[in-house]
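[1] I would like the atomic coordinates for the input below:
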Amino acid sequence: MTGGKLAVVAIGGNALIKSAAEAEAQDQYDTIRGIATHVANMIDAGWRVVITHGNGPQVGFLQRRSEMARGEVPVAPLEHSVAHTQGSIGFMFQNALHNEFIRRGQAARRVVTVVTRVEVDAADAAFANPDKPIGGHMSSERAHELAASQGWSIAEDSGRGWRRVVASPKPRAILEEDSILRLLADDTVVIACGGGGIPVVRSAEGGHESVQAVIDKDRVSALLAVSLQADLFVIPTAVDKVAIRFGQPDMQPLGVVHADEARRYMAAGEFGVGSMQPKVEAILTYLDRRPGGRGVITSIHQLEQAVGDRAVGTQFHTEQA
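    Now for the predicted structure:
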């Protein structure tokens, strides 16, 4: 596998929970075992892989448990919950992939989860304007009740219900980048930047201190793909292809799309601000800084096919015709 092309695969936290009735840890692990099969197929095809993952629902669950236990145990800071989910979700991916490799007679392959800090700017305007959803969807009545009792900021989420929202500053640097590179050089599959990374700011002494925030998983995954000089940045999601006029009778799925064309669609409001737009923005950020790279958005079950066949999924590029 040494010297093979490098792919960053960014899997959403919502993708690990099929429904409200299937949100238990075992349900999520069962989903991850299915994802591990597709990732292992990519590796068998010669790709080196770094997995990133979201944690919106999971970190929301942890925060809610902590708040419900207020007075009995200390309330967990938000950034600690991000670290916690890096470990728990990372463990599930790590174990599922290890078991999949054993099943394929490849027990020597290594998988490592890296607890990853990501530097943000303490002066980022996001701290004054929380807008990043975490936790599960709720009715308006329940959300406003929790906002009053817990001091939450809340917002309606793309017609799917109400959610808690927190500050989401832009990522500036991935502090464990060198360690990730060393692991990749040693033919290790790496799970990193879970939940967008643990947000930290630079201290007056030159070190780092954590802050109450979460970082968008797709943004930090794009930064990671650029920093690692990845050949491919792929975001598995709930649909096979990105579409314009989504949900309308004349909906049009997109196949191969030039970055400039994607920007025009985005400027026209074709991608949902709280759903597909952040993914497309992340792909375009990667392509801007990694000319010649390839970005893909597709469903989990088409992951390896879309990586190997440009007729599958939505394929973003910067090459001129």
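
[2] how far away is Q63 from A259?
    37 Å (CB to CB, to the nearest Å). (Each C-beta comes from the backbone N, C-alpha and C, glycine too.)

[3] Looking at those two, which has the bigger crowd around it?
    Q63 (22 against 18; other CB atoms under 10 Å).

[4] Once you drop chain neighbours, what's closest to that one?
    S81 (5.5 Å; CB to CB, 6 or more residues apart in numbering).

[5] so where's the stretch 1-150 of the chain shaky on pLDDT?
    1-3 (pLDDT under 70).

[6] run the last query once more with 50
    Filtered on pLDDT under 50, the stretch 1-150 of the chain yields the residue ranges 1.

[7] Can you show me the helices along it?
    25-44, 56-68, 78-103, 140-150 (DSSP state H, counting those that start in this stretch).

[8] In terms of secondary structure, what does the second one contact?
    When you say that, I think you mean helix 56-68. With contacts taken as 3 or more CB pairs under 8 Å, 6 or more residues apart in numbering; DSSP states H and E, helix 56-68 sits against helix 78-103, strand 132-138, strand 162-166.

[9] any idea of the angle it forms with helix 25-44?
    Interaxial angle, helix 56-68 versus helix 25-44 (axes from the mean of the first three to the mean of the last three CA atoms, to 10 degrees): 150 degrees.

[10] the inter-axis angle of helix 56-68 versus strand 162-166?
    80 degrees.

[11] tell me which residues of helix 56-68 are tucked away?
    G56, P57, Q58, V59, G60, F61, L62, Q63, R64, S66 (16 or more other CB atoms under 10 Å).

[12] so can I have CSV of those residues showing distance to I102?
    Listed next are the buried residues of helix 56-68 as CSV, based on distance: CB to CB, whole Å:
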residue, distance to I102
G56, 31
P57, 29
Q58, 26
V59, 30
G60, 33
F61, 30
L62, 30
Q63, 35
R64, 36
S66, 36
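
[13] before we move on, back to that, include distance to D288 and mean neighbour count when you put the helices and strands packed on helix 56-68 into a markdown table, please.
    Converted to a markdown table, the helices and strands packed on helix 56-68 look like this (distance: least, CB to CB, whole Å; neighbours: other CB atoms under 10 Å):
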| stretch | distance to D288 | mean neighbour count |
| --- | --- | --- |
| helix 78-103 | 27 | 20 |
| strand 132-138 | 22 | 22 |
| strand 162-166 | 27 | 22 |
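
[14] first vs last residue of stretch 187-206, how far apart are they?
    Stretch 187-206 has an end-to-end distance of 33 Å (CA to CA, to the nearest Å).

[15] swap that for stretch 181-196, sorry
    First-to-last residue span, stretch 181-196, CA to CA: 18 Å.

[16] same thing with stretch 45-60?
    This stretch, stretch 45-60, spans 36 Å end to end (CA to CA).

[17] chain center to it: distance?
    6 Å (CA atoms, centre = their mean, to the nearest Å).

[18] And stretch 304-313, by the same measure?
    20 Å.

[19] Show me what counts as buried in that stretch.
    Buried residues in stretch 304-313 (16+ other CB under 10 Å): E304, Q305, A306, V307, V312, G313.

[20] what pLDDT does the nearest residue to the second one once chain neighbours are set aside get?
    So that's Q305. In space, and not counting its chain neighbours, Q305 is closest to V312: 4.6 Å by CB to CB, 6+ apart. At V312, the model reports a pLDDT of 93.

[21] now the one 4 residues further on
    Reported pLDDT at F316 in the predicted model: 96.

[22] And for it, the neighbour number?
    Residue neighbour count, defined by other CB under 10 Å, stands at 24 for F316.

[23] Tell me if it really is in a strand.
    Yes. Per DSSP: H, G, I helix; E, B strand; the rest coil, F316 lies within a strand segment.

[24] From A204, how far out is it?
    Distance from F316 to A204, by CB to CB: 41 Å.

[25] Confirm for me that V242 is in contact with P253.
    Yes. Between V242 and P253 there is a contact at 7.3 Å, judged by CB atoms under 8 Å.

[26] Give me the common contacts of these two.
    Counting by CB atoms under 8 Å, 6 or more residues apart in numbering, the contacts common to V242 and P253 are T314.

[27] what residues are up against the residue nearest to Q63?
    S81 makes contact with V59, L62, Q63, S66, according to CB under 8 Å, 6+ apart.

[28] quick revisit: just send the helices of the stretch 1-150 of the chain back as CSV, with distance to L6 too.
    Converted to CSV, these look like this (distance: least, CB to CB, whole Å):
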stretch, distance to L6
helix 25-44, 11
helix 56-68, 26
helix 78-103, 17
helix 140-150, 41
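
[29] Quick one: closest of these to D124.
    helix 78-103 (14.7 Å; CB to CB).

[30] residues near A125, how many?
    10.

[31] oh sorry, the question was meant for A108
    Using other CB under 10 Å: A108 sits among 8 other residues.

[32] how close does it sit to L6?
    For A108, the distance to L6 - CB to CB - is 20 Å.
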